[in-house]
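Student: just the structure for this:
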Amino acid sequence: MTAQRFTDRLNVQIGNEFAAHQQYVACAIYYDALTMPRMAAFFYTQALEERDHAMMMVKYLLDQGMQVEIPGVDAPVSKFGDLVEPMTLALDQEKRVTEQVNELTRIARDEGDLASEQFMHWFIKEQVEEVSTISDLLTVVTRAKDDIEAIEEYVARELSSDRSDPTAPAIAGT
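Tutor: Okay, here's the model as predicted:
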């Protein structure tokens, strides 16, 4: 049985994931407007991943017979002063999500909810990858902020591979 405390917190996290989705769309639009198609594509893809994370959580709660509540979200930041700002915001967001995922895992463990704890392990692994990827990209964008082509080349070379994960939880609606 899924612990109610975990369910309540996971419903909040669903909102956090949808907020991250919107924030990454805003970042993508910023880079798209600067004619940086590879950076834009990276963030559009990140946005879809965040949406999928929310829907994985929805599916898990539905599969467990628990109530799903989709919270509203605040508007994303959509104006940036330079190329580095969206990256800094993205890294801060990923670090915050890592803390949220870790807290959810602690709640599941404290409640003796082993299925929910196991469900969260995939998200822990995902956050390690996300923080690393965004951190590296922030470093590149900071170094090459005056050389858009160098940034675009890095994204094409290092971040354009298929990143599907067969161990990922099921996504509601697919």
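Student: who touches the residue positioned nearest the centre of the chain in this structure?
Tutor: Closest to where the C-alpha atoms of the chain average out (C-alpha atoms, centre = their mean) is E50, at 4.1 Å. Contacts for E50 (C-beta atoms under 8 Å, 6 or more residues apart in numbering) come out as 17-18, 20-21, 24. All C-beta atoms are positioned from the backbone trio N, CA, C, and that covers glycine.
Student: which parts of the helix or strand encompassing it are buried?
Tutor: Using DSSP states H and E, E50 sits in helix 37-63. Across helix 37-63, burial judged by 16 or more other C-beta atoms under 10 Å covers 38-44, 46-47, 49-61.
Student: before we move on, the earlier item: in CSV: the contacts of E50, plus secondary structure, neighbour count and pLDDT.
Tutor: Shown next, in CSV, are the contacts of E50 (DSSP: H, G, I helix; E, B strand; the rest coil; neighbours: other C-beta atoms under 10 Å; pLDDT from 0 to 100):
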residue, secondary structure, neighbour count, pLDDT
E17, helix, 22, 98
F18, helix, 19, 98
A20, helix, 25, 98
H21, helix, 21, 98
Y24, helix, 25, 98
